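>>> Sequence and predicted structure are below.
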Amino acid sequence: MWRVLAKSVIGTSHRRLGTACQDSWFSHRMSIGDDECLIIACADGAGSASEGGLGAAMACQAFCLRARDALSCDVRVADLDAARVLDWYRQVRDELSEEAARRSIRPRELACTLLTAVLSPDIASFAQVGDGAIVLVPRRSGSDRSRRATS
């Protein structure tokens, strides 16, 4: 039911400075009863962070795994509230801090934006830290096209 379209384009400041693209994304599809759900995260490493690309990749994967684990344990998308999603974001931050300690760097060096969505056919939960935009393109009525989530 869900199709994920993802593309990264290196920004002008990265080109000017000769630095790599620090975008990352991760998604997970899962069935809950008869519903197919989609968990998706995208992130961009902070340009001033030496390991921002790594932080972005870790943040995306960590968030999706937290959401997957919760939805696998009888939590429904409709049950998601700000407190639960904020707790997942705190856990992501904690993982980044632990990685920074392992690498003997400041947590700031893994800084990134993080935009997330947890979607079922009937309801969705969106959250973000940092700049960015989340856009949901609704299915056209009468169309047999799949629903699309774009960020």
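Thanks, I have the structure now. Numbering: from 1, shown residues only.
>>> shaky segments in the protein?
141-151 (pLDDT under 70).
>>> Strands of the chain, start to end?
Ranges of strands in the chain, per DSSP state E, are 3-4, 23-32, 35-44, 114-119, 124-129, 135-137, 148-150.
>>> Compare those strands and report which one is nearest to Ala82.
Taking Cβ to Cβ, strand 124-129 is the member of the strands of the chain nearest to Ala82, at 8.0 Å. For the C-beta atoms, the positions are set from N, CA and C on the backbone; glycine is no exception.
>>> what's next to that closest one, contact-wise?
Residues outside strand 124-129 that contact it (Cβ atoms under 8 Å, 6 or more residues apart in numbering) are 77, 80, 85-86, 89, 113-119, 134, 136.
>>> for those, which one is nearest Phe63?
Nearest to Phe63 among the contacts of strand 124-129, with distances taken as Cβ to Cβ, is Thr116, at 5.3 Å.
>>> which residue sits closest to the closest one in space, ignoring its chain neighbours?
Nearest in space to Thr116, with sequence neighbours left out and distances taken as Cβ to Cβ, 6 or more residues apart in numbering, is Ala41 at 4.6 Å.
>>> what about that neighbour, distance to Ser31?
Per Cβ to Cβ, to the nearest Å, Ala41 is found 19 Å from Ser31.
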